[in-house]
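In: build me a structure from this.
(4 chains)
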Protein chains: 2
Amino acid sequence: MSHSMARDLDLVFAALADPTRRRILAMLLEDDMAVTDVAAPFEMSLAAVSKHLAILAGAGLISQDKRGRLKWCQLEPDALREAAIWMQGFGQIEPINLDAFERFLEAEFGTGEDARQGG
Amino acid sequence: MSHSMARDLDLVFAALADPTRRRILAMLLEDDMAVTDVAAPFEMSLAAVSKHLAILAGAGLISQDKRGRLKWCQLEPDALREAAIWMQGFGQIEPINLDAFERFLEAEFGTGEDARQGG
DNA sequence: ACGTTATTCAACCCCGGGGTTAAGTATGTC
DNA sequence: GACATACTTAACCCCGGGGTTGAATAACGT
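Out: Numbering: from 1, shown residues only, chains lettered A, B, ... in the order given. Below you'll find the predicted structure:
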């Protein structure tokens, strides 16, 4: 919570507004991944996915750690937490509901096996 | 939860990605308002605010009820709920935390008296 | 009917998003 | 050094977002 919170929220929500990026987040929920592996399931260029990752990183939703020539991408839930708190004030959201979340993943990405290969 | 959930999320998050629209939501949290009253505190044209409201309505975040020549805008927390559930899966968000929310409103909009004129 | 108030629509401007391909930069391997 | 792998940057295209102003529509008041 350093500088401008409004600006942070802009970036976080804008980042979440793209289905490709949400799917990437779902993939990273499973495990850290290198850029090329993140890009694999998508039918778009590596450059496009790289841009998406940059946007996610810019919003603080992921961190990227370059080890050797691989750049590992890791989920950073804190940024989401900020945004979620903002939303909770409006929605009166119930306490954490992982079941609902699983259903959402499935609805968004099919069976969910795509995003959660490990099962 | 009618047609495409992913599309809904696109619209909801895109709508939330703009500070003007978030501020409008905060205003509507206080009370239903007609378009002109919503527009009053903003330094932009009425047409611009009207567009913002259309985007919020398109995302299902507000409803608009035309009574006479006034169009009343009302917060619709359900759309937010969908999105918040999506986020909860990542952030392990704690149960509802109104205090945190108040602080966010203040951080975003000053003392908060702007958005919550009533106190 | 007329003017006024409330709101949207249309046309326009500028800018940035999401995609492309091609070239550039690191890093690892032989 | 040379080649391959991993990733980013640059240049470009197209489209839509956020803002403007000005005209159009809708409902109220007299």
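In: skipping adjacent residues, who's closest to A:Leu46 in space?
Out: A:Ala39 (4.9 Å; CB to CB, 6 or more residues apart in numbering or on different chains). For the C-beta atoms, the positions are set from N, CA and C on the backbone; glycine is no exception.
In: correct me, but A:Gln88 touches B:Ala84?
Out: Yes - between A:Gln88 and B:Ala84 there is a contact at 6.4 Å, judged by CB atoms under 8 Å.
In: point out where chain A drops to low pLDDT.
Out: Chain A contains residues with pLDDT under 70 at A:1-7, A:91-119.
In: residues of it that sit close to DNA strand D?
Out: Taking CB under 7 Å from any atom of the strand as the contact definition, chain A meets DNA strand D at A:34-37, A:46-47, A:50-51, A:53-54, A:64, A:69-72.
In: now with 10 Å?
Out: Proximity of chain A to DNA strand D (CB under 10 Å from any atom of the strand) is limited to residues A:10, A:14, A:17, A:33-40, A:45-54, A:57, A:64, A:66-73.
In: can you give me the helices in chain A?
Out: Assigned by DSSP state H, chain A shows helices spanning A:5-16, A:19-30, A:35-39, A:46-58, A:77-91, A:98-109.
In: quick one, which of the ones you listed is packed in tightest?
Out: helix A:77-91 (a mean of 22; mean count of other CB atoms under 10 Å in any protein chain shown).
In: tell me what that one is packed against?
Out: When contacts are defined as 3 or more CB pairs under 8 Å, 6 or more residues apart in numbering or on different chains; DSSP states H and E, helix A:77-91 packs onto helix A:5-16, helix B:19-30, helix B:77-91, helix B:98-109.
In: 6 Å - rerun?
Out: Applying 3 or more CB pairs under 6 Å, 6 or more residues apart in numbering or on different chains; DSSP states H and E, we find helix A:77-91 packed against helix A:5-16, helix B:77-91, helix B:98-109.
In: up against DNA strand C, what does chain A have?
Out: So far as CB under 10 Å from any atom of the strand goes, chain A lies against DNA strand C at A:10-11, A:14-21, A:39, A:42-52, A:54-56, A:58, A:66-71.
In: can you pull the contacts of A:Lys71?
Out: A:35, A:64 (CB atoms under 6 Å, 6 or more residues apart in numbering or on different chains).
In: repeat that with 8 Å
Out: A:Lys71 sits next to A:34-35, A:64-65 when contact means CB atoms under 8 Å, 6 or more residues apart in numbering or on different chains.
In: using a markdown table, lay out those together with distance to A:Leu25.
Out: Formatted as a markdown table, those follow (distance: CB to CB, whole Å):
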| residue | distance to A:Leu25 |
| --- | --- |
| A:Ala34 | 16 |
| A:Val35 | 15 |
| A:Gln64 | 14 |
| A:Asp65 | 17 |
